[in-house]
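**Student:** What follows is a protein structure lacking sequence information:
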């Protein structure tokens, strides 16, 4: 009887681990391939960064951190949800080097229990290094 309960406990515990959402690292090529697959690409950098390098074509610039490193996750998530076509749509996060998008991705998967979250490993820098196209970022205060 002890073995039966032990096996049930192990099965239940391991199934929770297997079901936990996990942040996925994507290469520039993988991000490019997902652009046509209804993925929602969110560039979390600052407006100054968007202006300096441009953004991935079709991505949405929605700043996550302010200049002091602070954020309002609920406000940011509300803006993202307005763009989502379904609750399980893949979200790909982009920043300059992959560090901030990794932190935000971990936050979304671990604290908000969101699934289908990926980020561009090594950020827009890796996209530009591979000479992939960018476009001008239009923000609410600009006319593009």
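**Tutor:** Received it, and whenever you're ready, just let me know what you need. All values derive from a computational prediction rather than experimental measurement.
**Student:** Report whether residue 106 is found in a strand, as I expect.
**Tutor:** No - with DSSP: H, G, I helix; E, B strand; the rest coil as the criterion, residue 106 is located in helix rather than a strand.
**Student:** Run through the strands of this structure in chain order.
**Tutor:** Applying DSSP state E to the chain gives strands spanning 24-26, 40-43, 60-61, 91-94, 117-120.
**Student:** Turn these into JSON lines, columns for mean neighbour count, distance to residue 49 and mean pLDDT.
**Tutor:** (C-beta placed from N, C-alpha, C; glycine too.) Shown next, in JSON lines, are the strands of the chain (neighbours: other Cβ atoms under 10 Å; distance: least, Cβ to Cβ, whole Å; pLDDT from 0 to 100):
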{"stretch": "strand 24-26", "mean neighbour count": "17", "distance to residue 49": "19", "mean pLDDT": "96"}
{"stretch": "strand 40-43", "mean neighbour count": "23", "distance to residue 49": "8", "mean pLDDT": "98"}
{"stretch": "strand 60-61", "mean neighbour count": "19", "distance to residue 49": "9", "mean pLDDT": "96"}
{"stretch": "strand 91-94", "mean neighbour count": "24", "distance to residue 49": "10", "mean pLDDT": "98"}
{"stretch": "strand 117-120", "mean neighbour count": "24", "distance to residue 49": "14", "mean pLDDT": "97"}
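**Student:** now for these, which one comes closest to residue 76?
**Tutor:** Set against residue 76 and scored by Cβ to Cβ, the strands of the chain come closest in strand 40-43, at 8.9 Å.
**Student:** Parallel or antiparallel, which strands does that closest one pair with?
**Tutor:** strand 60-61 (parallel), strand 91-94 (parallel) (DSSP bridges).
**Student:** Is it possible to get JSON lines of the strands of the chain that adds distance to residue 101?
**Tutor:** Listed next are the strands of the chain as JSON lines, based on distance: least, Cβ to Cβ, whole Å:
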{"stretch": "strand 24-26", "distance to residue 101": "10"}
{"stretch": "strand 40-43", "distance to residue 101": "9"}
{"stretch": "strand 60-61", "distance to residue 101": "13"}
{"stretch": "strand 91-94", "distance to residue 101": "4"}
{"stretch": "strand 117-120", "distance to residue 101": "4"}
